[in-house]
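Trainee: Quick one: sequence and predicted model below, then my questions.
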Amino acid sequence: MKRCCCIQGRGSGWVAVLAALLSGVSVGLAQTTWTWVPPITTNQLNAVTSGQDLFVAVGEAGTVLTSPDGQSWTEGSVGTNTWLLGVGYGSGTFVSVGYGGALYTSTNAYVWTEQRSGTTNWLLDVAYGNSLFVAVGDRAVLTSPDAVAWTPRMPPAMGLNAQLEGVTYGDGRFVAVGTGGVFLTSTNGTDWSSGVALPTQPWLWDVAFGANQFVAVGEAGTILTSTNGLAWVPRNSGTNLILSGITYGTNGFVAVGEGGTVLTSSNGRSWTSPESTTSLWLLGAAAKGETVVAVGTSGATVAALPVEVPSLAIFAPQMLSTGEFQCQVRGARPGQPLTFWARDDLAALPPHWTAVTNQIAGGDPAVFVDPGAGDRRVRSYQVSTP
């Protein structure tokens, strides 16, 4: 259940209350419980992606797991014992990369073909965008239009010893992150620019794009956001543990990491920590619609949940000429059931809330009118959804 509150008042106190409500006061994201999925392998899973209505996870000893829903999994393999460290999807093709420049492709995630990457360096991640695949790793950047023929790129901005841990595509550009706080961006995979260095130069593990921004995560709970991949803003994660994976789903970001850490955010700036069902290290995450899957160490930990929707927020309160009180609710989905509650005695403990009305949100924002406000000097409102 998600709730938010506002207070309707009259007289001299009204201006202050109105200002607070118009500033977007709302409760944080509701807590969501991850679902533990019994592992079907003892091999470590290092990365997961989604494509063709499937989740595909890869890991130790060439392991490949596939699932249509994040709950029921089928075990497979690329056919070798090579450790697979990253996986991506684009243009009808899954691409997995790993130790020694290993690179495999598949059109269905079940039958895999080994490709020549042209490098023996570790490859750690792969992304697709603008009709191009980009794989990154230990002193390595590779590009390919078809995931078969690969061209090595060594951006001067990368440095001689940099290791790129993660890469993503969004807003017309690739963004790669790695050791020493390295940020690289490119619109074509060939020409790369270096982002503004941060004083702490954190080891960055992964990066994702969503809500018109890039979000990178890494050591010591590092979370950074950027609109262009060049200038980055630190955010407070609330943890000092390593964050090793991040993804963006229909309704928000999910970051995972050391000790079973799970963090969620609807905007990339404010983060909350729903209860996780494991203390094992979660190494990667992927989203498919409103479902997110995280994979990790020791028994191929797999967890899934619907991504949390943004918080409900009551705003734009006003007293109508009829004496009715009206406000709007931001964050409601069209067709979503809403229950509006009211209480008149704000000092009473425990608080006593009375349901005023039930309605179906016609859109975002949804409009609520309380005909019973009358001449009450103060009335507190709350809206909830199942």
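Mentor: Thanks, I have the structure now. Numbers count the residues shown, from 1 in each chain.
Trainee: Quick check: buried residues in stretch 80-90?
Mentor: Neighbour-count burial for stretch 80-90, with 16 or more other CB atoms under 10 Å as criterion, is recorded at 82, 83, 84, 85, 86, 87, 88, 89, 90. Glycine gets a C-beta too; all of them are placed from N, C-alpha and C.
Trainee: so which of the residues you listed comes closest to residue 48?
Mentor: Comparing these against residue 48 with CB to CB places residue 87 closest, at 6.8 Å.
Trainee: so which helix or strand takes in residue 184?
Mentor: Using DSSP states H and E, residue 184 sits in strand 183-186.
Trainee: Which helix or strand lies directly C-terminal to that strand?
Mentor: Where DSSP H and E defines the elements, the next helix or strand beyond strand 183-186 is strand 193-194.
Trainee: who does that following strand touch, helix- and strand-wise?
Mentor: strand 183-186 (3 or more CB pairs under 8 Å, 6 or more residues apart in numbering; DSSP states H and E).
Trainee: who's in contact with the strand holding residue 184?
Mentor: Outside strand 183-186, the residues that touch it by CB atoms under 8 Å, 6 or more residues apart in numbering are 134, 141, 155, 157-158, 164, 173-177, 192-196, 204, 216, 226, 228-230, 232.
Trainee: re the thing from before, and the two most separated of the buried residues of stretch 80-90?
Mentor: The farthest-apart pair in these, when distances are taken by CB to CB, is 83 and 90, at 22.5 Å.
Trainee: Run me through the strand neighbours of the helix or strand where residue 50 lies, direction for each.
Mentor: Per DSSP H and E, residue 50 falls inside strand 45-51. Applying DSSP bridges, strand 45-51 is found paired with strand 54-59 (antiparallel).
Trainee: picking up where we left off before, and the strand holding residue 184, which strands flank it?
Mentor: strand 173-178 (antiparallel), strand 193-194 (antiparallel).
Trainee: buried set for that strand?
Mentor: Within strand 183-186, the residues that count as buried by 16+ other CB under 10 Å are 183, 184, 185, 186.
Trainee: wait, which of these is closest to residue 254?
Mentor: So of these, ranked by how close each gets to residue 254 (CB to CB), first place is residue 183, at 21.5 Å.
Trainee: what is the closest one paired to in the beta sheet?
Mentor: Following DSSP bridges, residue 183 is listed with bridge partners residue 177.
Trainee: ok, back up a step: buried subset of the contacts of strand 183-186?
Mentor: Buried subset of the contacts of strand 183-186 (neighbour count, 16+ other CB under 10 Å): 134, 141, 155, 158, 164, 173-177, 192, 194-195, 204, 216, 226, 229-230, 232.
Trainee: mind showing which ranges of this structure have poor pLDDT?
Mentor: 1-34, 156-161, 275-276, 298-313, 315-316, 346-351, 373-378, 386 (pLDDT under 70).
Trainee: repeat that with 50
Mentor: Applying pLDDT under 50 to the chain flags the ranges 1-32, 299-300, 307, 309.
Trainee: is the residue positioned nearest the centre of it in a bridge, and if so with what?
Mentor: Computing the C-alpha centroid of the chain and ranking residues by CA atoms, centre = their mean puts residue 253 first, at 2.0 Å. Beta-bridge partners of residue 253, counted by DSSP bridges, are residue 248, residue 265.
Trainee: separation between it and residue 62?
Mentor: Using CB to CB, to the nearest Å, residue 253 is found at 30 Å from residue 62.
Trainee: again with residue 46
Mentor: For residue 46, the distance to residue 62 equals 12 Å [CB to CB].
Trainee: who's the residue nearest to residue 317 when sequence neighbours are not counted bridged to?
Mentor: Ranked by CB to CB, 6 or more residues apart in numbering and with sequence neighbours excluded, the top spatial neighbour of residue 317 is residue 327, at 4.4 Å. Applying DSSP bridges to residue 327 gives these bridge partners: residue 368.
Trainee: these two touch, right, residue 327 and residue 365?
Mentor: No. If you go by CB atoms under 8 Å, residue 327 and residue 365 don't touch, sitting 9.1 Å apart.
Trainee: Compare these two and say which one has the larger neighbour count.
Mentor: Between residue 327 and residue 365, counted using other CB atoms under 10 Å, residue 327 has the larger neighbour count: 21 against 18.
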